[in-house]
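Participant: Have a look; sequence and predicted model below, questions after that.
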Amino acid sequence: MRLSGTDFEKVNEETVGFQIAPRLNALGRLDDPNPAIELLTGWDEEVAAEIAQMIDEKNSERKVIVENIYNQALTMMTDEPIEVLYHPDWHKGVLGIVAGRLLEQFHKPIIMLAEEEGILRGSARSIENFNIFEALNGHRELFIAFGGHKQAAGMTFALENVEAIKQVMLEFIQENDIDMSEKSSLEVQGSLQFDQISLETIRSLEKLSPYGMDNPKPHFLLTDYQVEQARSMGKDNSHLKLKLVQNGQALDAVYFGHGSESLEFEQSDTELVGTLSSNTWNGTTTVQLMVLMPE
């Protein structure tokens, strides 16, 4: 936890999900996962420190690999409603991560595959209204291995079957009259004015935790505000930070993966949906909105 910059007194489900678990997962994605088990079950602090350092380095390596594959994949995207992308240099252990990023950006099913000696192995991520498991499950003769669920799948198949698998998915769209442009819905629990948002609000919401898949964080709608400032942030400027103002009260908002859209937000009166969280910087803790989608 020290290597991840985690405050021991503030460990919660987000700390585990976004700081600790990705580091442990990095080993299994790129190498032998057993040292992670040894870290969690061992008693020798010196050995644990060495393993933790190695895991942290492996996680940094994983991030570089993901970024490189993501940038390559961007150049391969088409106007088709479904993407099947493959490359011999891609590491199959991180393709699900990249597929998820592309899915969020382009809102269409993405299949990412590593090619080796004419065999493709990888992962798929899909939008809410395209059941990728149902679309492909009836055509297992095209696969060496296949499994998954409605919005994600893993698969292995021969390179020669790429076009046949694409055609199966396109026919599934047509036969079921699926609107691929329809975006997934987001349930909103309520609307908030800025004078209702404070650290006390955060503390009250924390009583409903731990949050997760079966207990998602409450989603709130914000309206009737002005965007005083919009700027990109992050190491590669890929994220967006907004300063919102309502009746003299300011609120920061962060929108991950949308750093290139600062001008659009400065010139719009878009309503926002997001979750509330606290942010501590230089010893000062403030409330911020984590934007999920513009309404």
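Facilitator: Happy to help now that I have it. Numbering: from 1, shown residues only.
Participant: list the helices and strands the host helix or strand of Arg231 packs on?
Facilitator: For Arg231, the host element (DSSP states H and E) is strand 226-233. Judged by 3 or more C-beta pairs under 8 Å, 6 or more residues apart in numbering; DSSP states H and E, strand 226-233 is in contact with strand 239-246, helix 262-266. C-betas here are computed from N, CA, C, even on glycine.
Participant: Now do the buried residues in the first one.
Facilitator: I take that to be strand 239-246. His239, Leu240, Lys241, Leu242, Leu244, Gln246 (16 or more other C-beta atoms under 10 Å).
Participant: What strands flank it, and is each parallel or antiparallel?
Facilitator: strand 226-233 (antiparallel), strand 249-255 (antiparallel) (DSSP bridges).
Participant: Columns mean neighbour count and mean pLDDT on top of these, output as a markdown table?
Facilitator: Shown next, in a markdown table, are the strands paired with strand 239-246 (neighbours: other C-beta atoms under 10 Å; pLDDT from 0 to 100):
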| stretch | mean neighbour count | mean pLDDT |
| --- | --- | --- |
| strand 226-233 | 15 | 89 |
| strand 249-255 | 17 | 92 |
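Participant: quick one: which of these is nearest Asn129?
Facilitator: Proximity to Asn129 (C-beta to C-beta) singles out strand 249-255 among the strands paired with strand 239-246, at 23.4 Å.
Participant: separation between the residue nearest to Leu159 when sequence neighbours are not counted and Lys243?
Facilitator: Residue nearest to Leu159 in three dimensions, not counting chain neighbours: Gly118, with 4.9 Å by C-beta to C-beta, 6 or more residues apart in numbering. Applying C-beta to C-beta, to the nearest Å, the value for Gly118 to Lys243 is 53 Å.
Participant: With Glu206 instead?
Facilitator: In terms of C-beta to C-beta, Glu206 sits 25 Å off from Lys243.
Participant: elements contacting the longest helix along the chain?
Facilitator: If each helix of the chain is counted by residues according to DSSP state H, the longest one is helix 45-74. Other elements packing on helix 45-74 under the criterion 3+ C-beta pairs under 8 Å, 6+ apart are helix 21-30, helix 34-41, strand 83-87, helix 95-106.
Participant: got the ones you listed as JSON lines, with mean pLDDT columns?
Facilitator: Converted to JSON lines, the helices and strands packed on helix 45-74 look like this (pLDDT from 0 to 100):
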{"stretch": "helix 21-30", "mean pLDDT": "76"}
{"stretch": "helix 34-41", "mean pLDDT": "83"}
{"stretch": "strand 83-87", "mean pLDDT": "97"}
{"stretch": "helix 95-106", "mean pLDDT": "92"}
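Participant: can you tell which of the ones you listed is closest to Asn282?
Facilitator: That would be helix 21-30 among the helices and strands packed on helix 45-74, by C-beta to C-beta, at 25.4 Å.
Participant: just the angle between the closest one and helix 34-41, please?
Facilitator: 150 degrees (axes from the mean of the first three to the mean of the last three C-alpha atoms, to 10 degrees).
Participant: All good on my end, thank you.
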